[in-house]
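Visitor: Pasting the sequence and the predicted model now:
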2 protein chains.
Amino acid sequence: MALSKKHIHILNQAEKLFAKNGYDATTVRDIAEAAGVNLAMISYYFGSKEKLLEALFMERMASGTLLIREINNMAHLNPWQKIQIMIDEYVNRAVQKQDFFKVMISEQVINQNPVVINYLRKIRKEYAELIGDLILQGQKEKIFCKKIDLALLLTTMTGTVKHMLINQEFYRHSLSLENMPYEKFQKILTKNLQTHIRKIFKSILGYDPQ
Amino acid sequence: MALSKKHIHILNQAEKLFAKNGYDATTVRDIAEAAGVNLAMISYYFGSKEKLLEALFMERMASGTLLIREINNMAHLNPWQKIQIMIDEYVNRAVQKQDFFKVMISEQVINQNPVVINYLRKIRKEYAELIGDLILQGQKEKIFCKKIDLALLLTTMTGTVKHMLINQEFYRHSLSLENMPYEKFQKILTKNLQTHIRKIFKSILGYDPQ
DNA sequence: AAATAATTTAAACAACTGTTTAATTTTATC
DNA sequence: GATAAAATTAAACAGTTGTTTAAATTATTT
């Protein structure tokens, strides 16, 4: 389905509501009101509430896979540099697209819509294979250690980032940054997450540049 | 409120449904049917669906705080040993009480019930303070490094564990353990999570026993 | 300008929601 | 074994849900 500007506008509003109140607690009337359109327009444009959710996932995830392929094609970089860039980009995307990530978490926990779940699975598999290749390459070059549990490592990255999004106010408080404007805090958050996860990857991969 | 056996039985069934379908998508009729009681019994025993959720959190979290205080009082252990035990116990609890942890994640993402949210906040604060004390002690003893972002480190622990619970089938597949009986896999999962997180803590804390 | 298609609207729909009621059965107390 | 309390039931409640309808409006094409 090709998405018009009106489609996108409705999706944006729906995303906000889903992130805040969850899919089930968000009514079609809520979405219509937030988007400033008539109730029947949701069915008219998307067919149903559920198909709207599917459309949201298609829309938001299309860009994700492209990026990691691009990074992987940067021929002049060694495996560690590529992994580092992938970590940074993942954190960037998560922090910038917080609302969608929250919707993603909810959907993963409750696991209802088969279209969405399959889509998530596909993306995760692609991601794991790509980083798996990079690690293999690094092991050949003897800059990574031999035994690495990739799935566990990826879980730490995504788990740390997603859990941080959910509990960011706790983190903000722990750094006593309650009064900082949000944009500024967001930058610190991103930076700290990137540094932290890079450190973990370095340690687990056994990467130790002389 | 003192909980009778019937209370507990209803809570157990409700927990399963909340974990599987989410709080909002679970109807009072679903709970009543699963528990084998009349619809009106839910209101009779708990007052409302929302109060049932609150009762579930009270019930499940009461044991959690006790444990960490106990560990902290083991005088013969050094800070690192205590932290290690706390990691192990956290992973144990999470894997064994998966359903409740899933309900917890959902509630943290959508953030609706004030009683639940306040309760979660309180527990997390207690937890952070205790581990914070242990880290401070370790720094005094010069076995941990000076600059440690505790909130970030805790986020990695809880994020890794929770995200693993949600995506454990992916992990099981990545280890090619699809046909293993679940109890057996659960033990491996627990063990791997513990080892992994201990490694991360060691690396971030800079703990390096000669 | 007429005709056709696309968009928008208010109203209605049937099904489902959490909760309450009042009657009934079971259990405990004397 | 009578009396009171507790537990259980089926039915009804009022409000909300996602979706559809058929008419009205606007935009596009001829």
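Guide: Sure, I can see it.
Visitor: now for the top helix by length along chain A, which elements pack on it?
Guide: Longest helix of chain A, by residue count under DSSP state H: helix A:114-140. Contacts defined by 3 or more C-beta pairs under 8 Å, 6 or more residues apart in numbering or on different chains; DSSP states H and E place helix A:114-140 against helix A:49-72, helix A:79-96, helix A:98-110, helix A:150-166, helix B:168-174. Placement of C-beta: from N, CA and C, glycine included.
Visitor: Take these and write them to JSON lines, including mean neighbour count, distance to B:H76 and mean pLDDT.
Guide: Listed next are those as JSON lines, based on neighbours: other C-beta atoms under 10 Å in any protein chain shown; distance: least, C-beta to C-beta, whole Å; pLDDT from 0 to 100:
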{"stretch": "helix A:49-72", "mean neighbour count": "16", "distance to B:H76": "49", "mean pLDDT": "88"}
{"stretch": "helix A:79-96", "mean neighbour count": "19", "distance to B:H76": "40", "mean pLDDT": "95"}
{"stretch": "helix A:98-110", "mean neighbour count": "21", "distance to B:H76": "40", "mean pLDDT": "95"}
{"stretch": "helix A:150-166", "mean neighbour count": "23", "distance to B:H76": "31", "mean pLDDT": "97"}
{"stretch": "helix B:168-174", "mean neighbour count": "17", "distance to B:H76": "35", "mean pLDDT": "96"}
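Visitor: What separation is there between the residue nearest to A:E54 when sequence neighbours are not counted and A:G64?
Guide: Of all residues not flanking A:E54 in the chain, A:V115 sits nearest, at 4.7 Å (C-beta to C-beta, 6 or more residues apart in numbering or on different chains). According to C-beta to C-beta, to the nearest Å, A:V115 and A:G64 sit 17 Å apart.
Visitor: go on, A:H163?
Guide: Counting by C-beta to C-beta, the gap from A:H163 to A:G64 is 19 Å.
Visitor: Which elements pack onto the helix or strand hosting A:H9?
Guide: Applying DSSP states H and E as the criterion places A:H9 in helix A:5-21. On a contact count with 3+ C-beta pairs under 8 Å, 6+ apart, helix A:5-21 meets helix A:28-35, helix A:40-46, helix A:49-72, helix A:98-110.
Visitor: what residues does the shortest one touch?
Guide: When contacts are taken as C-beta atoms under 8 Å, 6 or more residues apart in numbering or on different chains, the neighbours of helix A:40-46 outside the stretch itself are A:K6, A:H7, A:I10, A:V28, A:I31, A:A32, A:A35, A:K49, A:L52, A:A55.
Visitor: Skipping adjacent residues, who's closest to the residue most central in space within chain A in space?
Guide: Nearest residue to the geometric centre of chain A (C-alpha atoms, centre = their mean): A:A94, 4.4 Å. Closest residue to A:A94 apart from its sequence neighbours, by C-beta to C-beta, 6+ apart: A:V161 at 4.7 Å.
Visitor: Tell me which residues touch that neighbour, please.
Guide: Residues in contact with A:V161 (C-beta under 8 Å, 6+ apart) are A:Y90, A:V91, A:A94, A:V95, A:F101, A:L193, A:I197, B:G159.
Visitor: same deal with A:L193?
Guide: A:V91, A:V95, A:T160, A:V161, A:M164, B:L152.
Visitor: just the angle between the helix or strand hosting it and helix A:98-110, please?
Guide: In the assignment (DSSP H and E), A:L193 maps to helix A:182-205. In terms of direction (axes from the mean of the first three to the mean of the last three C-alpha atoms, to 10 degrees), helix A:182-205 departs from helix A:98-110 by 50 degrees.
Visitor: tell me the mean pLDDT for helix A:182-205?
Guide: Averaged across helix A:182-205, pLDDT comes to 97.
Visitor: And that helix, how far out from the chain middle?
Guide: Distance of helix A:182-205 from its chain centroid, counting by C-alpha atoms, centre = their mean, to the nearest Å, is 15 Å.
Visitor: buried stuff in that helix?
Guide: A:185, A:189-190, A:192-194, A:196-198, A:200-202, A:204-205 (16 or more other C-beta atoms under 10 Å in any protein chain shown).
Visitor: For it, list the C-alpha coordinates in PDB.
Guide: In PDB, the C-alpha atoms belonging to helix A:182-205 read as follows (Å, rounded to 0.1, in the frame of the first residue of the first chain):
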ATOM      1  CA  TYR A 182      15.100  17.400  27.200                       C
ATOM      2  CA  GLU A 183      17.000  17.800  23.900                       C
ATOM      3  CA  LYS A 184      20.200  18.200  25.800                       C
ATOM      4  CA  PHE A 185      19.600  15.300  28.100                       C
ATOM      5  CA  GLN A 186      18.700  13.200  25.000                       C
ATOM      6  CA  LYS A 187      22.200  13.800  23.600                       C
ATOM      7  CA  ILE A 188      23.800  12.800  26.900                       C
ATOM      8  CA  LEU A 189      21.700   9.700  27.000                       C
ATOM      9  CA  THR A 190      22.600   8.700  23.500                       C
ATOM     10  CA  LYS A 191      26.300   9.300  24.100                       C
ATOM     11  CA  ASN A 192      26.400   7.400  27.400                       C
ATOM     12  CA  LEU A 193      24.500   4.500  26.000                       C
ATOM     13  CA  GLN A 194      26.900   4.300  23.000                       C
ATOM     14  CA  THR A 195      30.000   4.400  25.100                       C
ATOM     15  CA  HIS A 196      28.600   1.900  27.600                       C
ATOM     16  CA  ILE A 197      27.500  -0.700  24.900                       C
ATOM     17  CA  ARG A 198      30.800  -0.300  23.000                       C
ATOM     18  CA  LYS A 199      32.600  -1.100  26.200                       C
ATOM     19  CA  ILE A 200      30.600  -4.200  26.800                       C
ATOM     20  CA  PHE A 201      31.100  -5.400  23.200                       C
ATOM     21  CA  LYS A 202      34.800  -4.800  23.400                       C
ATOM     22  CA  SER A 203      35.000  -6.800  26.600                       C
ATOM     23  CA  ILE A 204      32.800  -9.700  25.400                       C
ATOM     24  CA  LEU A 205      34.400  -9.800  21.900                       C
END
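Visitor: Lovely, talk soon.
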